[in-house]
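Student: the sequence isn't on hand, but the structure is:
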């Protein structure tokens, strides 16, 4: 067994926020059903993880990240404004008992959960290290943006990383396929929840 496998496991649920669901400011097709599957997975298998973490886009004034004429690559319509209903945790996952909540992007665009801070001002990397986490499972929204960025950062920092593809939803098929290839090339395990 690797050293990482002897340490704890964490699951990171990326950005399950209404603005990324059908009817939101930046809707991801299938988000509602995907969130329901995430909730079912956590109900059935949360005892496999020593930490449950959720991230939130939490924009106060993110500068050029918001645009009235967005290119949908580096600039986006207004979304996940801090303290609005679109930024809260979606109802399907709101009742979960989260060990850590990471908020990112207060004053800038931020895609990775490792760019944010927890309730006590710690980074995600610091929270994982304090809990002796060796492996990280990533699910959520969107596969081709914040899931990818979070998973790649986790791998870069030395964690064993798994992305459960059926518990993620992407913005577009082409960019989602490219993201999966990029994550696989980086040494991230990309599988279904049933195979994990």
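Tutor: That came in fine, so what should we check first? This structure is a prediction, so every number in the text was calculated from the model and none was measured. Numbering: from 1, shown residues only.

Student: can you show me the strands along the protein?
Tutor: For the chain, the strands defined by DSSP state E cover 8-14, 51-57, 100-104, 133-141, 160-169, 189-191.

Student: reformat the ones you listed as JSON lines; add mean neighbour count.
Tutor: Where C-beta positions appear, they are placed from N, C-alpha and C, glycine not excepted. Below are the strands of the chain laid out as JSON lines (neighbours: other CB atoms under 10 Å):
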{"stretch": "strand 8-14", "mean neighbour count": "24"}
{"stretch": "strand 51-57", "mean neighbour count": "24"}
{"stretch": "strand 100-104", "mean neighbour count": "22"}
{"stretch": "strand 133-141", "mean neighbour count": "26"}
{"stretch": "strand 160-169", "mean neighbour count": "24"}
{"stretch": "strand 189-191", "mean neighbour count": "16"}
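
Student: where does pLDDT dip in this protein?
Tutor: The model of the chain has pLDDT under 70 over residues 1-6.

Student: so what touches the longest helix that it contains?
Tutor: Longest helix in the chain, counting residues (DSSP state H): helix 31-45. Outside of helix 31-45, the residues within contact range by CB atoms under 8 Å, 6 or more residues apart in numbering are 11, 13, 16, 20-22, 52, 90, 92-93, 96, 139-141, 164, 166-169, 193.

Student: want to throw the strands of the chain into TSV with distance to residue 66?
Tutor: Listed next are those as TSV, based on distance: least, CB to CB, whole Å:
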stretch	distance to residue 66
strand 8-14	20
strand 51-57	11
strand 100-104	15
strand 133-141	18
strand 160-169	22
strand 189-191	31
